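K.L.:
Next come a sequence and a model predicted from it.
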Amino acid sequence: MRTKRAILLIPALCSLLSSFAQPRPISPDIFGIFFEDLNYAADGGLYAELVQNRSFEYSPSDRARNGSLGADNWNPYTAWTLQRHNSIENLSIETAHPLNANNPHYLLLDVATPGTQGCGIANEGFDGMVLKKDLPYDFSVWLRNFSQSPGVKATVALRGKDGQTLAIDSLTLSSRDQWQKYSLTLRPEAAADSAQLVLLFHQPVRVGVDMVSLFPTDTFKGHKNGLRADLAQTIADIHPKFVRFPGGCLAHGDGLTNIYRWKRTIGPVEQRVAEPNIWRYSQTHGLGYHEFLQFCEDIGAKPLPVIAAGVSCQNSALCRGTGQEAIPMEEMPAFIQDILDLVEYCNGSADSEWGRRRAEAGHPQPFNLEYIGIGNEDHITPEFEERFAMIARALRDAYPQVKIVGTSGPDPSGEDFDKGWEAMRANDVEVVDEHYYRRPSWFLDNLTRYDGYDRRGPKVYVGEYASRANRLENALAEAAYMTQLERNGDVVEFASYAPLLARIGHTQWNPDLIYFDGKGVYPTVNYYVQQLFGQNSGEQYVDGVLPEGLRTASAVIDPSTGSLIIKMVNPTAAEQTVPLDLSVVKNIKGKKGATLTLLSGPDPKASNTRENPSSVLPSTTEFILPSLRSAFSYAMPPYSLSVLRIPLKK
Ligand code: AHR
């Protein structure tokens with residue numbers, strides 16, 4: 001079942017190199033990303049919806065842990081304000097006669113006297129809505145005219161920070177006592193960065209309001225219910241080969257009732273279940289499984305969904321390692337069936353039950369799922385092991401071609417790590433996920449970690465790693481470590497930095513790879529390292545170009561572009577020279593045509609911020625190769641990552 005890469009070494013590629021430097025096959029999918037809805041990564045982040053708390057499902061209990069309610073103002077009215085204009089009205093949150101059972105709460109506005117300019121509600125979005133001049137925005141809302149009042153008019157407007165109207169339109173409410181969707185398009189006449197969406201009623205009415213939505217039409221690839229284009233493009237620019245989603249801790253969840261259930265995240269958005277996540281806020285699931293799979297396809301990355309291994313996060317209820325809960329055995333068959341149904345959603349034909357659901361969502365062709373993650377850095381308990389084995393067995397029986405990515409606890413060593421690896425071997429999984437958040441010195445001290453890994457056992461996924469800050473010195477420690485991953489790309493199948501996204505002002509975890517606010521995206525220095533490795537990955541490793549024993553550099557072949565790519569990291573304050581021997585590669589096109597991309601700076605503490613987003617940026621120049629026949633010295637500048645790209649004859 002495991003891919004035998006040696007047989008993929010096709011003769012044409014072998015001829016690219018001399019007989020002295022046979023390339024070693026390495027994972028063609030090594031560098032990817034890990035997306036988790038943490039730090040407002042999804043709602044208020046990658047998901048382009050501008051209305052916050054659009055279905056009034058926020059609840060103080062989202063914030064509650066260990067019996068305490070969060071101190072902040074988090075409830076069904078969060079992000080909403082009543083707009084009165086001398087009206088007489090009553091506002092309440094109701095659950096009787098909801099839009100549907102998955103969407104239990106709605107706002108009831110009972111307008112006795114609408115006042116001078118109408119009575120209604122305004123939504124401030126996430127820290128104020130950022131709007132573009134003249135761009136069409138899709139507005140929609142579900143309303144129910146409980147009073148059956150005839151001819152009720154509502155206006156929908158975008159309002160700037162000083163109260164100016166940027167766009168306005170109106171709708172007339174049906175007098176029927178049933179939920180109905182209303183849609184219109186708004187086009188702001190000026191740009192704004194603290195705008196509100198306003199919905200006002202102009203006649204007496206008792207009206208239910210739910211699923212209030214405002215979407216920019218310039219989403220990534222133009223999808224409806226799509227992704228914020230600038231953020232999605234920044235991610236796409238990494239050229240990730242895979243996307244692990246939807247979490248992390250979020251996937252195995254805060255107790256049994258909070259385990260992420262993929263079926264709650266598909267279908268029409270108004271039927272998806274909004275619920276709290278383990279990071280103590282609400283998730284709409286507007287960015288759900290279908291959108292994740294679509295995003296993977298859009299950016300040419302393989303999907304790597306992570307499903308709970310039948311147990312919740314050990315940090316559930318803030319229990320710091322002891323909060324794991326296990327799904328009762330009698331419920332496991334249904335839980336496992338959900339996992340099998342997910343594979344069918346991804347890979348089944350459009351006339352299978354779940355393939356049909358995918359087709360109804362606009363994607364008749366399969367998504368071609370190759371990998372599925374079971375578990376996330378779980379505490380390795382007997383309950384975990386029993387359930388993991390049940391899931392793995394069921395997947396093997398039903399879908400032997402889908403590779404299982406197992407887990408080995410939250411640390412790079414220790415009891416969970418050892419027991420996890422043992423359990424993964426016993427279950428014969430293809431890949432084992434390892435996690436480590438450590439100091440930069442740890443990364444530099446562990447540059448041989450994978451040299452001694454058993455090549456006959458499961459492969460490794462470094463699913464979450466980061467060196468604890470966003471300074472140049474951190475990024476370089478990670479870069480040095482990534483050269484090791486490439487060198488060991490015969491056993492390291494995948495690697496992804498974590499976490500990926502953080503909205504400024506809602507950041508719960510530092511460091512992250514990409515910071516953003518409503519207006520812009522601010523990639524870190526660490527991001528540029530990921531980007532340089534992603535854009536310059538290879539499929540074969542070439543020994544002999546770099547000196548044996550050098551642990552902060554790598555040399556790979558990218559057959560798709562016909563390039564030899566050498567990456568060299570100097571994490572020190574002094575210039576360092578590296579002897580490069582290109583004579584082992586016989587088919588270099590010539591001394592000209594190579595490029596050198598440098599990521600470096602004089603200050604190892606430098607970082608990119610919103611205020612100074614370009615403190616350290618990569619820059620590319622032409623590089624004339626001094627010699628093709630004998631070794632020459634390349635001088636690595638202090639604190640630098642150098643990427644040398646050399647064209648090969650096809
Ligand atoms: O990346 C943030 C968190 O770190 C993940 O949710 C979890 O897997 C790890 O502990």
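P.N.:
Yep, it's here. Numbers count the residues shown, from 1 in each chain.
K.L.:
Every contact and neighbour count from this point should use C-alpha atoms.
P.N.:
Will do.
K.L.:
Looks to me like residue 486 is in a strand.
P.N.:
No - Residue 486 is assigned helix when assessed by DSSP: H, G, I helix; E, B strand; the rest coil, not a strand.
K.L.:
how many neighbours does it have?
P.N.:
The tally of other residues near residue 486 (other C-alpha atoms under 10 Å) stands at 29.
K.L.:
so which helix or strand takes in the closest residue to it other than its chain neighbours?
P.N.:
In space, and not counting its chain neighbours, residue 486 is closest to residue 554: 6.7 Å by C-alpha to C-alpha, 6 or more residues apart in numbering. Following DSSP states H and E, one finds residue 554 within strand 553-558.
K.L.:
following that strand, which helix or strand comes up?
P.N.:
For strand 553-558, the following helix or strand on the C-terminal side (DSSP H and E) is strand 563-570.
K.L.:
and the angle from that next one to strand 553-558?
P.N.:
Computed by axes from the mean of the first three to the mean of the last three C-alpha atoms, to 10 degrees, the angle separating strand 563-570 from strand 553-558 equals 160 degrees.
K.L.:
Touching the helix or strand following strand 563-570 from outside, list them.
P.N.:
For strand 563-570, the succeeding helix or strand toward the C-terminus, using DSSP H and E, is strand 576-580. With contacts defined as C-alpha atoms under 8 Å, 6 or more residues apart in numbering, strand 576-580 is touched by 545-547, 570, 631-638.
K.L.:
try stretch 432-443
P.N.:
For stretch 432-443, contacts defined as C-alpha under 8 Å, 6+ apart pick out 376-377, 405-412, 421, 424, 458-468, 473-474, 477-478, 480-481.
K.L.:
For PyMOL, what selects the buried ones among the residues you listed?
P.N.:
PyMOL command restricting the contacts of stretch 432-443 to the buried ones, with burial defined by 16 or more other C-alpha atoms under 10 Å:
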select buried, resi 376+377+405+406+407+408+409+410+411+412+421+424+458+459+460+461+462+463+464+465+466+467+473+474+477+478+480+481
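K.L.:
what's the burial count for residue 195?
P.N.:
25.
K.L.:
What sits closest to the residue of the stretch 101-250 of the chain found nearest the ligand if chain neighbours are left out?
P.N.:
Per C-alpha to the nearest ligand atom, residue 248 is where the stretch 101-250 of the chain lies closest to the ligand, at 3.4 Å. Spatial nearest neighbour of residue 248, chain neighbours left out: residue 376 (5.9 Å); criterion: C-alpha to C-alpha, 6+ apart.
K.L.:
thought the one you found was touching residue 246?
P.N.:
No - using C-alpha atoms under 8 Å as the test, residue 376 is too far from residue 246 to be in contact (10.9 Å).
K.L.:
any common contacting residues for these two?
P.N.:
With C-alpha under 8 Å, 6+ apart, residue 376 and residue 246 have common neighbours residue 306.
K.L.:
hmm, who's touching stretch 514-531?
P.N.:
31, 45, 126-130, 193, 230-231, 234, 237-239, 470-472, 474-476, 478-479, 497, 500-504, 513, 599, 607-610, 613, 616-618.
K.L.:
Let me see the contact set for residue 28.
P.N.:
By C-alpha under 8 Å, 6+ apart, residue 28 lies in contact with 537-539.
K.L.:
Confirm it sits in a strand?
P.N.:
No - counting by three-state DSSP, residue 28 falls outside a strand, being coil.
K.L.:
Looking at the contacts of stretch 514-531, which are in strands?
P.N.:
Cross-referencing the contacts of stretch 514-531 against strands under DSSP state E gives 129-130, 193, 497, 501-503, 599.
K.L.:
can you tell me which two in those are farthest apart?
P.N.:
129 and 599 (34.6 Å; C-alpha to C-alpha).
K.L.:
sorry, back to before: what pairs with the residue nearest to residue 486 across the strands?
P.N.:
residue 567 (DSSP bridges).
K.L.:
Count the neighbours of it for me.
P.N.:
That count, for residue 554 with other C-alpha under 10 Å as the rule, works out to 25.
K.L.:
again with residue 547
P.N.:
Neighbour tally, residue 547, other C-alpha under 10 Å: 13.
K.L.:
Walking through the stretch 1-150 of the chain, point out its strands one by one.
P.N.:
24-25, 33-34, 80-83, 88-94, 106-113, 119-123, 129-131, 137-145 (DSSP state E, counting those that start in this stretch).
K.L.:
what mean pLDDT would you report for the third one?
P.N.:
What it means is strand 80-83. For strand 80-83, the mean pLDDT works out to 96.
K.L.:
how near is the closest residue in space to residue 635 that isn't next to it in sequence to residue 445?
P.N.:
In space, and not counting its chain neighbours, residue 635 is closest to residue 577: 4.3 Å by C-alpha to C-alpha, 6+ apart. Counting by C-alpha to C-alpha, to the nearest Å, the gap between residue 577 and residue 445 amounts to 21 Å.
K.L.:
How is residue 482 classified with respect to secondary structure?
P.N.:
Going by three-state DSSP, the secondary structure assigned to residue 482 is helix.
K.L.:
Tell me how far it lies from residue 530.
P.N.:
Separation of residue 482 from residue 530 (C-alpha to C-alpha): 9 Å.
K.L.:
and the strand ranked longest in the chain, which strands flank it?
P.N.:
Longest strand in the chain, counting residues (DSSP E): strand 205-216. Strand 205-216 has the following sheet partners, assigned by DSSP bridges: strand 106-113 (antiparallel), strand 137-145 (antiparallel).
K.L.:
got the angle between the first one and strand 119-123?
P.N.:
Same thing as strand 106-113. Using the same axes, to 10 degrees: strand 106-113 against strand 119-123 is 140 degrees.
K.L.:
Check the longest one too.
P.N.:
Orientation check (the same axes, to 10 degrees): strand 137-145 against strand 119-123 gives 140 degrees.
K.L.:
Now do strand 137-145: distance to the chain's middle.
P.N.:
The chain centre lies 29 Å from the centre of strand 137-145; the measure is C-alpha atoms, centre = their mean, to the nearest Å.
K.L.:
what does stretch 237-245 give?
P.N.:
Here stretch 237-245 shows a centroid-to-chain-centroid distance of 8 Å under the convention C-alpha atoms, centre = their mean.
K.L.:
Now do it: distance from first to last residue.
P.N.:
With C-alpha to C-alpha applied, stretch 237-245 spans 18 Å between its terminal residues.
K.L.:
And stretch 549-564, by the same measure?
P.N.:
Start-to-end span of stretch 549-564 (C-alpha to C-alpha) is 20 Å.
K.L.:
List the residues that contact the residue in the stretch 401-550 of the chain that the ligand sits nearest to.
P.N.:
Of all residues in the stretch 401-550 of the chain, the one sitting closest to the ligand is residue 499 (4.5 Å; C-alpha to the nearest ligand atom). Under the criterion of C-alpha under 8 Å, 6+ apart, the neighbours of residue 499 are 34-36, 38, 464, 509, 511-513.
K.L.:
Recalculate using a threshold of 10 Å.
P.N.:
33-39, 41, 247-248, 464-466, 509-514 (C-alpha atoms under 10 Å, 6 or more residues apart in numbering).
K.L.:
Name the SS class of residue 515, please.
P.N.:
Quick answer, by three-state DSSP: residue 515 is strand.
K.L.:
quick one: it from residue 185, how far?
P.N.:
30 Å.
K.L.:
which one of those two has more residues nearby?
P.N.:
residue 515 (25 against 19).
K.L.:
Tell me the confidence at residue 63?
P.N.:
85.
K.L.:
was I right about it contacting residue 254?
P.N.:
No - between residue 63 and residue 254 there is no contact under C-alpha atoms under 10 Å: 11.8 Å.
K.L.:
Can you pull the residues of the protein lying near the ligand?
P.N.:
Within reach of the ligand by C-alpha under 6 Å from any ligand atom, the chain has these residues: 247-250, 376, 498-499.
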